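no sequence for this one, just the structure:
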């Protein structure tokens, strides 16, 4: 498992360092994680030739009472910002994985108000 260093973004902008996605499967110890404060987003860039699904593990039930993970499809050549992730639902350490890691990079970013 790779723990991403949470980077900070502000009104003046930020230069982000993207990290290679770690291969792993659902619930795998080789999935990535980050320290979550409820204001942290994931930025995922898919440089591959096909879509990639990023799944974020839900630690507890959502506000509708269901404990389900969040799966986001990122098409080829696209970069998406996912989140933020409430600590009540996703926990203070949030785990996520990808269905493919070829040419996929990621950053965890905290946005200051």
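All right, it came through fine. Keep in mind that this is a model prediction, so the values were computed, not measured.

measure the spatially most central residue of the chain to residue 64 for me?
Central residue of the chain (Cα atoms, centre = their mean): residue 42, 4.0 Å from the mean position. Distance, residue 42 to residue 64, by Cβ to Cβ, to the nearest Å: 22 Å. (C-beta placed from N, C-alpha, C; glycine too.)

Check residue 102 too.
Counting by Cβ to Cβ, the gap from residue 102 to residue 64 is 35 Å.

Same check on residue 45?
Separation of residue 45 from residue 64 (Cβ to Cβ): 31 Å.

outside of stretch 32-43, which residues touch it?
With contact meaning Cβ atoms under 8 Å, 6 or more residues apart in numbering, stretch 32-43 is reached by 1-4, 6, 16, 18, 21-22, 24, 54, 56, 79-87, 90-97, 106-112.

Helix, strand or coil: sort out residue 88 for me.
Three-state assignment for residue 88 (DSSP: H, G, I helix; E, B strand; the rest coil): helix.

need the contact list for it.
Contacts of residue 88 (Cβ under 8 Å, 6+ apart): residue 60.

ok, now residue 89?
Going by Cβ under 8 Å, 6+ apart, residue 89 touches 58, 59, 60, 61, 62, 63.

How about the first one, nearest residue that isn't a chain neighbour?
This points to residue 58. residue 69 (5.1 Å; Cβ to Cβ, 6 or more residues apart in numbering).

wait, doesn't the one you found sit right on residue 59?
No: in this structure, residue 69 is not within contact of residue 59 by Cβ atoms under 8 Å, at 9.9 Å.

Spatially nearest residue to the residue nearest to the centre of the chain, not counting backbone neighbours?
That would be residue 82: by Cβ to Cβ, 6+ apart, it lies 4.5 Å from residue 42.

The strand or helix carrying residue 3: partners in the sheet, and parallel or antiparallel?
Using DSSP states H and E, residue 3 sits in strand 2-4. Next to strand 2-4 in the sheet, as set by DSSP bridges, lie strand 32-35 (parallel).
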